[in-house]
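Chemist: what shape does this take:
(2 chains)
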Amino acid sequence: MRTIDLIGMALRNLRARPVRSALNALGILLGSQIVLMTLAGTRGAADSLLALVGQAEGMRRIVVMASDAGIEPPAEAIAVDGEQDESRRQAIEQRLRDEWLSSNAVYAPVSAEQLAMMRGLPHVVEVVPERRLSVEFRRGETTWTTFVDSVADSSRQLEEQLIVGRLPRPGATDEVLLSEYAAYRLGGTTRREAELLLGRSFDVRFRREGVPAAGLSHLLYRTGAQVTTDDEALLAESVARLIDRLPEASLSESQRAMLEAIFAPAESESSAATDEPKAPIEPYFERRLTVCGIVELGDDAPGFLQFLTRTAPDVGMNHRGMEPLSEQAEQLVPFRTCFVQVDSIANLAATVRSLEEAGLQVYSNTWLIDDIDRQIGIARWGVIGVASIVLLVTALAISNTLVISVLQRIPEFGIMKSIGASNRQILGMMLFEGGCLGALGAIGAMLLSWPIASVIEGQVQAYIAYRIGSPFDGAVFRTEVGDHLSVIVIALAIGVAASLLPAIRAARLDPIDAMKGG
Amino acid sequence: MIRCRKLTKIYDRTSRRVVALDEVDLDVASGERVALVGRSGSGKSSLLNLLAGLDRPNSGTIEVNGRSLERCSASELAIYRRREIGIVFQAFRLVGHRTAFENVELPLLLDGIDRSERRRRVGEALERVGLEGRSGHRPDELSGGEQQRVALARAIVHRPRLLLADEPTGNLDPSTAERVLDLFDGVAREGNTTLFVITHDPKVAERSSDRLLRLHEGRLASEPDRSSRIRSAEER
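Modeler: Take a look at the predicted model:
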């Protein structure tokens, strides 16, 4: 018997019992629908969750620190006690290494070449090096000493913090953001007066030696020393004397080189070549800065600024504008950290990998994304488990109705056998009937999935938008070709599996008894 | 064509043991029309079921067209029923949800005949039994005589060499029965088909056979005066 005839016969048999066939197909349809919606829903939920998470700038931000300047922890510091399997031992050892480096090593600065490399990576929106310059604002006879920090001109977070004004324009070297506090210190004692600072220019003196001292104080802070800003110039002078005597210190070559890289003043090639005495460095250079905006930096300000400097800064300048000023300040430590902003959370992991491969120490939220993926994966398997139980119940119900169908069709099978149907043909006919039911259910499920998904998606999007207080158009369901193929396979499997026992029973019927009605 | 030797069929019921056929010897030539008569329970249907390959003997041999049915596997017997024999039952045994055309088409479907050939052969078979205009009707839309003619069309559509009929007129009124018997007669003669009819009605037996066999308590006996009766009928 040809397969096409077998299918045609199966379809005719199903059509002969339209109500029962429709109910069976409906059962498979519902089961398949649950599977399809589960697959699409969990994937859509993962996408939406990641999209929601990815809307936050901080989640798409990578903190880059140049690594450990080649310093290796002593063996005893990373020795792992007890018997461990290899992977656990390596993990613990890595943690011990990180801990030691964090508390003992001095990180080498991020170089200009590394900065250029980072800016050349795909999906990188912006690379913001941490720069801090010590400044004096002068107003009349009084001066106010503070810092200017680099800020990202593309940061939406900063924009959201703006009280009045706008962000500094990219590349502008004369525009600054003021914090509310800075605005207060510069004469904006009332809200109205603060707003009047917008567009006003201030004469500002930048301290050339500010950054090395700031870097040094930071280092000392890490060692527990208490250093105030006023001490920094003196401290730099003391360190310079120490650097002169560095060759006499009992340090390894790498440690000595690292200290020299950080603290020793850079000598220009021309002065080294001519051996001419260096001109004394002017302690200040001046600029006129214009206030372009005032930002609110309260306790809840996540802030790009706060994170950059660990304390809320007073004055922020576009990092592109900061670069020429930093060069003019002749800072010895250009910067030791920078932020890499990635365009999408989906590209975060790849960017992190690229940075790590370049030998940089990287901190990011990939762990959180992995955790979300893992949790959704667990939830997905849970839902699939429930869907599987539904499918099993469906299969049992269909099998039951097909058994009843076989009992009612016993004379028919007897007739078929008496005119030459083999056991295999009867079995095949019944299995094809089950397969056709499965196919009908799968097709119905796929056709219905679109309108059902549209309705649910609309409702869920509206609910999420209401909860987060902003429009949300993330996909709630996302199907892939594999989902549809899975549903077809599952539906066919249910149909065939449900009809297997009834089919065997029909095939084994004795034709004489069957014609008499069983 | 048909050759049975010491054919025995015993039914072991829970209450009693029934010997349906007791060492039956039977020879039927190709193209011969044979009627088997006997009372209810004499073993007629058992013999037909064995000849149709629907049942297996307890002992003895049964050979049809050189094929030893007792040695055939279930699938070989299915092919035998599909290709070499046609069966007509007293109760018509049509599939209720299929039209006359689809019922007649079934043996060809099972044998993998292609669609156009099926349509041609089914059309011929229905035309042969005079039901070409009723092909789209389901059994419950046909009279008893028409249903039996559909069953006959189904039995001959694949051009079998052996046509078995179990009380083919048992459920028909006399005039309809007469017409159906005419058809049997015509079909058997036109196709040189061996006809084996089981009946308890002597008139049907006489009308549809060249040779009359009688089965009594599982044992077979020929009617000695059969040929003379047929001759006299032909002279009339």
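Chemist: could you dump stretch B:82-97 to PDB, C-alpha only?
Modeler: As requested, C-alpha coordinates have been extracted for stretch B:82-97 and formatted as PDB (Å, rounded to 0.1, in the frame of the first residue of the first chain):
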ATOM      1  CA  ARG B  82      -5.800  -9.400  -1.400                       C
ATOM      2  CA  ARG B  83      -4.900 -10.800  -4.800                       C
ATOM      3  CA  GLU B  84      -6.200 -14.200  -5.400                       C
ATOM      4  CA  ILE B  85      -9.600 -14.500  -3.800                       C
ATOM      5  CA  GLY B  86     -12.800 -12.500  -3.500                       C
ATOM      6  CA  ILE B  87     -15.200 -13.000  -0.700                       C
ATOM      7  CA  VAL B  88     -18.900 -12.100  -0.400                       C
ATOM      8  CA  PHE B  89     -20.600 -12.400   2.900                       C
ATOM      9  CA  GLN B  90     -24.200 -12.900   3.800                       C
ATOM     10  CA  ALA B  91     -24.200  -9.600   5.800                       C
ATOM     11  CA  PHE B  92     -22.400  -7.700   3.000                       C
ATOM     12  CA  ARG B  93     -19.600  -6.500   5.400                       C
ATOM     13  CA  LEU B  94     -19.200  -3.100   3.800                       C
ATOM     14  CA  VAL B  95     -17.400  -0.300   5.600                       C
ATOM     15  CA  GLY B  96     -20.200   2.000   6.800                       C
ATOM     16  CA  HIS B  97     -18.500   5.400   6.400                       C
END
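Chemist: so which residue is dead centre in chain B?
Modeler: If you average the C-alpha coordinates of chain B and look for the closest C-alpha using C-alpha atoms, centre = their mean, you land on residue B:164, 1.4 Å from that point.
Chemist: pretty sure that residue is touching residue B:90, no?
Modeler: No. Using C-beta atoms under 8 Å, residue B:164 makes no contact with residue B:90, being 12.0 Å away. Using the backbone N, CA and C atoms, a C-beta is placed for each residue, glycine as well.
Chemist: pLDDT weak spots in the stretch 151-300 of chain A?
Modeler: By pLDDT under 70, the low-scoring segments of the stretch 151-300 of chain A are A:209-237, A:239-240, A:254-255, A:257-282, A:297-300.
Chemist: show me where it has its helices.
Modeler: If you assign secondary structure with DSSP state H, counting those that start in this stretch, the helices in the stretch 151-300 of chain A sit at A:156-161, A:180-185, A:191-196, A:210-222, A:232-244, A:253-263, A:269-274.
Chemist: any idea how far residue A:185 is from residue A:443?
Modeler: 72 Å (C-beta to C-beta, to the nearest Å).
Chemist: smallest distance to chain A belongs to which residue of chain B?
Modeler: Distance from chain A to each residue of chain B (C-beta to the nearest C-beta) is smallest for residue B:82, at 2.5 Å.
Chemist: enumerate the residues of chain B near chain A.
Modeler: Taking C-beta under 8 Å from any C-beta of the partner chain as the contact definition, chain B meets chain A at B:49, B:52, B:54-55, B:74-75, B:78-83, B:87, B:89, B:93-98, B:102, B:106-107, B:109-112, B:114, B:154.
Chemist: which among those end up buried?
Modeler: Among the residues of chain B next to chain A, those that count as buried by neighbour count (16 or more other C-beta atoms under 10 Å in any protein chain shown) are B:49, B:52, B:54-55, B:78-82, B:87, B:89, B:93-95, B:97-98, B:102, B:106-107, B:109-111, B:154.
Chemist: tell me how many other residues crowd the nearest residue to residue A:476 once chain neighbours are set aside.
Modeler: Nearest residue to residue A:476 in three dimensions, chain neighbours excluded: residue A:457, at 4.2 Å (C-beta to C-beta, 6 or more residues apart in numbering or on different chains). When counting by other C-beta atoms under 10 Å in any protein chain shown, one arrives at 19 neighbours for residue A:457.
Chemist: is residue A:457 in contact with residue A:477, as I believe?
Modeler: Yes. The pair residue A:457 and residue A:477 qualifies as a contact (C-beta under 8 Å) at a distance of 5.9 Å.
Chemist: quick one: common contacting residues for these two?
Modeler: The overlap between the contact sets of residue A:457 and residue A:477 (C-beta atoms under 8 Å, 6 or more residues apart in numbering or on different chains) consists of residue A:44.
Chemist: least confident secondary structure element in chain B?
Modeler: Of all helical and strand segments in chain B, the minimum by mean pLDDT, DSSP states H and E falls on helix B:226-235, at a mean of 47.
Chemist: ok, chain A next?
Modeler: Taking mean pLDDT, DSSP H and E as the measure, helix A:269-274 is the helix or strand of chain A with the lowest mean score, a mean of 44.
Chemist: so which residues of chain A form strands?
Modeler: Listed from the start of the chain, chain A has strands (DSSP state E) covering A:61-66, A:124-129, A:132-139, A:142-151, A:162-165, A:175-179, A:201-207, A:284-295, A:315-318, A:337-342, A:360-363.
Chemist: quick revisit: inside helices: which ones of the residues of chain B next to chain A?
Modeler: In this view, these that belong to helices under DSSP state H are B:49, B:74-75, B:78-83, B:102, B:106-107, B:109-110, B:154.
Chemist: between those residues, which is closest to residue B:192?
Modeler: Nearest to residue B:192, judged by C-beta to C-beta, of these is residue B:83 at 16.4 Å.
Chemist: got the contact list for the residue of the stretch 151-300 of chain A found nearest chain B?
Modeler: Nearest to chain B, among the residues of the stretch 151-300 of chain A, is residue A:156, at 68.3 Å (C-beta to the nearest C-beta). For residue A:156, the contacting residues are residue A:57, taking C-beta under 8 Å, 6+ apart as the criterion.
Chemist: residues of the longest helix belonging to chain B that come out buried?
Modeler: What stands out as the longest helix in chain B, according to DSSP H, is helix B:174-190. Residues B:176-181, B:183-184, B:187-188 are the ones in helix B:174-190 that count as buried (16+ other C-beta under 10 Å).
Chemist: likewise stretch A:398-411?
Modeler: Across stretch A:398-411, burial judged by 16+ other C-beta under 10 Å covers A:398-399, A:401-403, A:405-406, A:409-411.
Chemist: distance between it and the chain's centre?
Modeler: 55 Å (C-alpha atoms, centre = their mean, to the nearest Å).
Chemist: and it, average pLDDT?
Modeler: Over the span of stretch A:398-411, the pLDDT mean works out to 81.
Chemist: one more: stretch B:35-49?
Modeler: 88.
Chemist: chain B contacts on chain A?
Modeler: Counting by C-beta under 8 Å from any C-beta, the residues of chain A that sit close to chain B are A:1-2, A:5, A:9, A:12-13, A:16-17, A:411-412, A:414-425, A:511-512, A:515.
Chemist: go again with 10 Å.
Modeler: Taking C-beta under 10 Å from any C-beta of the partner chain as the test, the list of chain A residues beside chain B reads A:1-6, A:8-9, A:12-13, A:15-17, A:409, A:411-426, A:429, A:507-508, A:510-512, A:515-516.
Chemist: just the strands in chain B please.
Modeler: In chain B, the strands defined using DSSP E lie at B:2-12, B:17-28, B:33-37, B:59-64, B:67-68, B:85-88, B:162-166, B:194-199, B:211-216, B:219-222.
Chemist: many thanks, we can stop here.
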